[in-house]
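Enquirer: How does the following fold in three dimensions:
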Amino acid sequence: MEHSVSARENLERVRAAIAAAETESGRKSSAVRLVAVSKTKPAEEITPVIAAGQRVFGENRVQEAQSKWPELKAATDGIELHLIGPLQSNKTADAVALFDVIQTVDREKIAREIAKEITKQGKHPRLYVQVNTGSEPQKAGIEPDEAAAFITLCRTELGLTIDGLMCIPPVDENPGPHFALLAKIARENGIDTLSMGMSDDFETAIAFGATEVRVGSAIFGAR
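Expert: Predicted coordinates:
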C-alpha cells in the first residue's frame, strides 16, 4: 500500500512542478500534458495513479504493454496510451491495434508498415516523428537535417498525419539546445505537439515549448 500512496504523492508533486514551470515560462495553465511513463511497472502500481486522475501513460515495449493495458483500459474510460520506445517492424500491427499515440516514427520502413496497418485495421493512432537531436549512433530517431524530408514523405507519399515531434537529448549534454532544435523543426514543418522532457529536465523542456513531458521515475520511483 505504501507504494501506491507515494506514487500518488509523487504525481501531485510532478503536476505542481509542471504548473509552476508553465507560469514561470509565461505559458498558459494546462498547456503541457503529462505522460506518466509506466514501463516495467505492474498493473497494481499503475492503478493508484489512474485512481488519482492520470489518464495519459507511456510504455516502451509493445509486448509489455499488451500484457497489462487492455485490462486497465477496459476498467477506466479515457485512458490514452503512448508508445515511447523504438518500434520494431514485426510489432507494428500490435502497436497500431493497442496504442493511441506512436511517438517513435523514425525511419521510412516503419512509416510504411504503419501506413499499411492503418489501412488494414482502420485505426488511426496519432503519430510523432522521433528526431535524434544529438545525432547519437546508438539512439533511434531521424537525423535533424533529414527530418523535413521525412515528414514530407510521411505526409505526401504515405498519407500519414504527423501530429508531433519527440526527442531524447544526450544524457551528458545541456538539454536546452536540443529542445530548441526540436521546436525549430516543428515550426518549420507546421507541427504543434512537442514531446520533450523527462523526469530530470521537464521544467527546461517546458521553457522551450514542450506540450507533452514524459515522466516516469519521478512518479513511480526508480526502476
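Enquirer: quick one: the closest residue to residue 181 other than its chain neighbours and residue 97, what's the gap?
Expert: Closest residue to residue 181 apart from its sequence neighbours, by CB to CB, 6 or more residues apart in numbering: residue 133 at 5.1 Å. C-betas here are computed from N, CA, C, even on glycine. For residue 133, the distance to residue 97 (CB to CB, to the nearest Å) stands at 30 Å.
Enquirer: who has more neighbours, the two?
Expert: residue 133 (26 against 14; other CB atoms under 10 Å).
Enquirer: ok, back up a step: what sits against the residue nearest to residue 181?
Expert: Residue 133 makes contact with 141, 144, 167, 169, 178, 181-182 under the criterion CB atoms under 8 Å, 6 or more residues apart in numbering.
Enquirer: Name all residues that make contact with residue 59.
Expert: Counted by CB under 8 Å, 6+ apart, residue 59 has contacts 37-39, 65, 69, 81-85, 99.
Enquirer: So which of those residues is the closest to residue 215?
Expert: Residue 215 has its nearest neighbour among the contacts of residue 59 in residue 37, at 6.3 Å by CB to CB.
Enquirer: which residues does that closest one contact?
Expert: Each residue near residue 37 by CB under 8 Å, 6+ apart is listed here: 57-60, 84, 198, 214-217, 219-220.
Enquirer: helices or strands up against the helix or strand harbouring residue 181?
Expert: If you go by DSSP states H and E, residue 181 is part of helix 176-188. Applying 3 or more CB pairs under 8 Å, 6 or more residues apart in numbering; DSSP states H and E, one finds that helix 176-188 contacts helix 147-152, strand 162-166, strand 193-195, helix 202-207.
Enquirer: Count the neighbours of residue 101 for me.
Expert: For residue 101, using other CB under 10 Å, the count is 23.
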